[in-house]
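K.L.:
Okay, here's the prediction I keep looking at, along with the sequence it came from:
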Amino acid sequence: MARVKICVGLTGPNASGKGEVARFLEGKGFSLCSLSDVVRQEATRRGLDHSRENLIRTGTALREQFGEGVLAQRTLPKISQRSVVDSIRNPGEIQVLRTLPGFHLLGIDAPVALRFERSRRRGRVGDGETLEEFERKEILEKASQGPGQQLDVCLSQADLLVRNDGTLEELHRKVEQALAFRGVPLS
């Protein structure tokens, strides 16, 4: 692993815009690492499809077996001098990533109804067909302890919170401002 100078972690609920922020930072020269890639690889190894339920169960099983920071531990070798780490969902992952010099955690959030509409547009299997189903599934991702997903806890540990309730251009501007506030150069 190259000596890390800047590592931006992204956390937040489903369809909040983490992927958009990751792509934006990739366009600014950051290499992209996703903790979800570790989970998808393990699900594939286990012969499971990549439905949201299977991925949540697989991530939880990995954390139960190897510790709550396992996804971040397995991602560390891929982190370069300027990286963005997407899909942080457990405080154990934050704890591992905070050992990196130059680590900054951004929380990305948006109102639930807006996130539901975004999830419908992207058409990802298992997000929920109705707002009520979407909200029910989200409750499962908001544990306050243990090896499961702890999205609210992770958001509370963010260095800065970006509210993604506008246009893509507004999101990019908010991310630039948040990182500038933290002293992170984007060029």
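P.N.:
On my side now, so go ahead.
K.L.:
host element of the residue minimising distance to the centre of the chain?
P.N.:
By C-alpha atoms, centre = their mean, the chain has its centre lying nearest to Ser87, at 2.1 Å. Applying DSSP states H and E as the criterion places Ser87 in strand 82-88.
K.L.:
strand partners of that strand, parallel vs antiparallel please.
P.N.:
Strand 82-88 has the following strand partners under DSSP bridges: strand 6-11 (parallel), strand 31-34 (parallel).
K.L.:
C-terminal to it, what's the next element?
P.N.:
Assigned by DSSP H and E, the successor of strand 82-88 is helix 91-97.
K.L.:
and that next one, what does it pack onto?
P.N.:
Contacts defined by 3 or more C-beta pairs under 8 Å, 6 or more residues apart in numbering; DSSP states H and E place helix 91-97 against strand 6-11, helix 70-75, strand 82-88, strand 103-109, helix 151-156. C-betas here are computed from N, CA, C, even on glycine.
K.L.:
Try it again at 6 Å.
P.N.:
Under the contact definition 3 or more C-beta pairs under 6 Å, 6 or more residues apart in numbering; DSSP states H and E, helix 91-97 sits against helix 70-75.
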